[in-house]
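Peer 1: Below are the sequence and a predicted model for it; my questions follow.
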Amino acid sequence: MRSDSSSTVTMVICPICSTSRWTSTCFVLSLSIGILHTVASLSGRLI
C-alpha cells in the first residue's frame with residue numbers, strides 16, 4: 001500500500017516540477033527579450 005501512495009505522489013510531483021521549470025524558463029526568456037527590446041529602443045532614441 002505504501003509503494004502505491006509513493007508512486008502516486010511521484011506521478012503528481014514530476015509534472016508539477018517540469019511545469020514549473022518550463023514556466024520559469026519562459027519567464028526568464030520573456031524578461032530578457034523585454035530588457036533587450038527596452039535597451040534597443042533606448043539606444044535607438046539616443047543615437
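Peer 2: Ah, there it is.

Peer 1: Looking at S3 now. What's its pLDDT?
Peer 2: If you check S3, the pLDDT there is 63.

Peer 1: do the same with the one 3 residues further on
Peer 2: The score at S6 is 73. That number is its pLDDT.

Peer 1: From I33, how far off is L42?
Peer 2: 15 Å (C-beta to C-beta, to the nearest Å). From N, CA and C alone the C-beta is placed, and that goes for glycine too.

Peer 1: what do you get for V39?
Peer 2: 11 Å.

Peer 1: now do S24
Peer 2: Taken as C-beta to C-beta, the span from S24 to I33 is 15 Å.

Peer 1: and P15, how many residues sit next to it?
Peer 2: 9 (other C-beta atoms under 10 Å).

Peer 1: ok, it to R21 distance?
Peer 2: P15 is 11 Å from R21, by C-beta to C-beta.

Peer 1: can you list the weak-confidence ranges in the chain?
Peer 2: Applying pLDDT under 70 to the chain flags the ranges 1-3, 47.

Peer 1: what about the helices in it?
Peer 2: 2-46 (DSSP state H).

Peer 1: Could you find the residue nearest the spatial middle of it?
Peer 2: Nearest residue to the geometric centre of the chain (C-alpha atoms, centre = their mean): S24, 1.7 Å.

Peer 1: ok, that one to I16 distance?
Peer 2: With C-beta to C-beta as the criterion, S24 and I16 are 12 Å apart.

Peer 1: And S7, by the same measure?
Peer 2: For S7, the distance to I16 - C-beta to C-beta - is 15 Å.

Peer 1: Ok, T10 next?
Peer 2: T10 is 11 Å from I16, by C-beta to C-beta.
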